[in-house]
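Asker: my questions concern the predicted model and sequence given below.
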Amino acid sequence: MQDYSPPDDLLQGRAILVTGAGDGIGAAAARSFARHGATVILLGRTIRKLEAVYDAIEQSGGPQPAIYPMNLEGASPKDYQDLAATLEREFGRLDGLLHNAAILGVLTPLEMYDLELWARVMQVNLNAPYLLTRACLPLLKGSEDASVLFTSSSVGHRGRAYWGAYGISKAAAENMMQILADELEENTSVRVNSIDPGAVRTRMRAKAYPGEDPNIHPAPEEIMGIYLYLMGPDSRGETGRSFKAQQ
Ligand SMILES: NC(=O)c1ccc[n+]([C@@H]2O[C@H](COP(=O)([O-])OP(=O)(O)OC[C@H]3O[C@@H](n4cnc5c(N)ncnc54)[C@H](OP(=O)(O)O)[C@@H]3O)[C@@H](O)[C@H]2O)c1
């Protein structure tokens, strides 16, 4: 599915929420979903970056997106309820949810992990996707064909030294994906899967591997095939599975 080539109208008429939509993979996914007809809700913490993605979508003739500024680190359960209420008012349902926002934290032995940073990483990478999914479930159930995507990582599939809170948050998010898929398989049209993007040329990758030549890895735009496949109708019936964006 990495070389999936969808029709231009693949996501026509769908409302899709993308977290961390201002930069990296999230920005590329938002632009790509819009290019295939989706109305994208751009959620992120840096308004300037969200506006740049908004402008790019407008300029390319995609459906008018929406910006929803939100810092997942400080958001309360009520903030998620307010977001869901806004989506209900504006769209009446939600057809797609891409949990993409994450922070790296620090690479260090578990024994020495800064506790405040631990809590921040868990809040953004694990608690936020839970709270957001929970708040949006009634809207997702209101769609004929809803897709929820978690973003995983190789260090979430197999623990690796020094990856600390990031690796643990990704492993837990993977488990959350499986639980949700299992719970929603019967009697709902909501499917839940995860994508491991692999090494991609973004700010996060550069922070994790500062000595590396970034050009050896694909740009976010180059890995969108699997994102489109899993967001669109061709993946109906797929649920509870872990996908890779690169071989
Ligand atoms: N790049 C890779 O090689 C790689 C490999 C495996 C997995 N991943 C995963 O892929 C996803 C995207 O990563 P990326 O490489 O594109 O990283 P990135 O360029 O650092 O982008 C992360 C996005 O998340 C947003 N974000 C971070 N904290 C937030 C918060 N508290 N509230 C709202 N938004 C927040 C960022 O917003 P700001 O721009 O405003 O900071 C940014 O838009 C992540 O889940 C990451 O774990 C990436």
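Answerer: Everything's here; your move. Numbers count the residues shown, from 1 in each chain.
Asker: what's the distance between the residue of the chain at minimum distance from the ligand and His157?
Answerer: Distance from the ligand to each residue of the chain (Cβ to the nearest ligand atom) is smallest for Gly24, at 2.2 Å. In this view, the C-beta of every residue, glycine as well, is placed from N, C-alpha and C. If you measure Gly24 against His157 using Cβ to Cβ, to the nearest Å, the figure is 20 Å.
Asker: ok, those two, which is more surrounded?
Answerer: Just comparing Gly24 and His157: by other Cβ atoms under 10 Å the higher neighbour count belongs to Gly24, 22 against 16.
Asker: quick one: is the lengthiest helix in the chain near the ligand?
Answerer: Determined from DSSP state H, the single longest helix within the chain is helix 164-184. No. Helix 164-184 is not in contact with the ligand by Cβ under 6 Å from any ligand atom; minimum separation 6.7 Å.
Asker: those residues of this structure touching the ligand, which are they?
Answerer: 20, 22-26, 44-46, 49, 71-73, 100-103, 124, 151, 153, 197, 199-200, 202-205.
Asker: can I get stretch 98-118 in PDB, CA atoms only?
Answerer: Provided in PDB are the C-alpha atoms of stretch 98-118 (Å, rounded to 0.1, in the frame of the first residue of the first chain):
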ATOM      1  CA  LEU A  98      -5.200  11.200  12.600                       C
ATOM      2  CA  HIS A  99      -3.300  11.200  15.900                       C
ATOM      3  CA  ASN A 100       0.000  12.600  14.700                       C
ATOM      4  CA  ALA A 101       1.200  15.200  17.200                       C
ATOM      5  CA  ALA A 102       4.000  13.900  19.500                       C
ATOM      6  CA  ILE A 103       7.100  15.100  21.300                       C
ATOM      7  CA  LEU A 104      10.400  13.300  21.500                       C
ATOM      8  CA  GLY A 105      11.300  14.200  25.100                       C
ATOM      9  CA  VAL A 106      14.900  13.300  25.600                       C
ATOM     10  CA  LEU A 107      17.100  10.300  24.800                       C
ATOM     11  CA  THR A 108      18.500   9.100  28.200                       C
ATOM     12  CA  PRO A 109      18.500   6.100  30.500                       C
ATOM     13  CA  LEU A 110      15.200   5.400  32.200                       C
ATOM     14  CA  GLU A 111      16.900   5.700  35.500                       C
ATOM     15  CA  MET A 112      17.800   9.300  34.900                       C
ATOM     16  CA  TYR A 113      14.600  10.500  33.000                       C
ATOM     17  CA  ASP A 114      13.400  13.900  34.200                       C
ATOM     18  CA  LEU A 115      10.000  13.300  35.800                       C
ATOM     19  CA  GLU A 116       8.400  16.500  34.600                       C
ATOM     20  CA  LEU A 117       9.400  15.800  31.000                       C
ATOM     21  CA  TRP A 118       8.200  12.200  31.500                       C
END
